[in-house]
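1. Fold the stuff below for me.
(chains A and B)
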Amino acid sequence: GEDVEQSLFLSVREGDSSVINCTYTDSSSTYLYWYKQEPGAGLQLLTYIFSNMDMKQDQRLTVLLNKKDKHLSLRIADTQTGDSAIYFCAEILYQKVTFGTGTKLQVIP
Amino acid sequence: EADIYQTPRYLVIGTGKKITLECSQTMGHDKMYWYQQDPGMELHLIHYSYGVNSTEKGDLSSESTVSRIRTEHFPLTLESARPSHTSQYLCASRAGQGYTEAFFGQGTRLTVV
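-> As a prediction, the model looks like this:
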């Protein structure tokens, strides 16, 4: 199957770190992505990771990949109110882009 | 900046009408996708295309149809709109093989009354 699961909601205080988790089911996936969707908009790519990597850091964003457990996480350091959005993980398998269920991040000032 | 455009952004239409949602990209991407997004956020793949004259049904059954006569254009048509079709529709495209980012349009918010 190609189900990609995420927790629905996360609430953090401004300045704290946010960790958004994702579990995918197909170990053949070679590319995994994190997208951000702001209200009323399409999705924008935040970062990606190849399956042969364990970690990738890009400014405030850190992606961790555990292939054994098929677990992907996105850590946002020093979370800001502008980070409030819906975050989707996604995998590419057989040319189809399959998205997770989405996690709504609420940042409390 | 992504060069992928969807029109209209918002559409309110009566039951039984035929509608076409437009999606165009100027990046020369082979692969294009249509997603339906629930109010509860989840994205469902309804159609995709590998290139001109190629169309495939996605994971979610849909009463819509698509065509891919030109690389840059991937319209989605509903022959007879129903209130159950009320949703956000997102179009995306990506290039080539391997790692390539999917670029998204701004979406079309469809309401069928």
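2. Any regions of chain B where pLDDT drops low?
-> For chain B, applying pLDDT under 70 flags the ranges B:1-2, B:97-99.
3. residue in chain A nearest to chain B?
-> residue A:42 (3.5 Å; CB to the nearest CB). (Each C-beta comes from the backbone N, C-alpha and C, glycine too.)
4. The closest residue to that residue other than its chain neighbours: how many residues sit nearby?
-> Nearest non-adjacent residue to residue A:42, counting by CB to CB, 6 or more residues apart in numbering or on different chains: residue B:104, 3.5 Å away. Counted by other CB atoms under 10 Å in any protein chain shown, the residues lying close to residue B:104 total 23.
5. Wait, residue B:104 touches residue A:99, no?
-> No: counting by CB atoms under 8 Å, residue B:104 does not reach residue A:99; the two are 10.7 Å apart.
6. what residues do these two have in common as contacts?
-> residue A:35 (CB atoms under 8 Å, 6 or more residues apart in numbering or on different chains).
7. Which elements pack onto the helix or strand of chain A with the lowest mean pLDDT?
-> None of the helices or strands of chain A scores lower by mean pLDDT, DSSP states H and E than strand A:96-99, at a mean of 83. Helices and strands touching strand A:96-99, by 3 or more CB pairs under 8 Å, 6 or more residues apart in numbering or on different chains; DSSP states H and E, are strand A:85-93, strand B:31-37, strand B:43-49.
8. Let's have those in TSV, adding mean neighbour count and distance to residue A:68.
-> Output for the helices and strands packed on strand A:96-99, formatted as TSV (neighbours: other CB atoms under 10 Å in any protein chain shown; distance: least, CB to CB, whole Å):
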stretch	mean neighbour count	distance to residue A:68
strand A:85-93	22	16
strand B:31-37	24	30
strand B:43-49	22	27
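9. now these as a markdown table including distance to residue A:106?
-> Below are those laid out as a markdown table (distance: least, CB to CB, whole Å):
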| stretch | distance to residue A:106 |
| --- | --- |
| strand A:85-93 | 10 |
| strand B:31-37 | 19 |
| strand B:43-49 | 20 |
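10. Residue B:112: which of the ones you listed is closest?
-> strand B:31-37 (13.0 Å; CB to CB).
11. Enumerate every residue touching residue A:106.
-> A:9, A:10, A:11, A:12, A:84.
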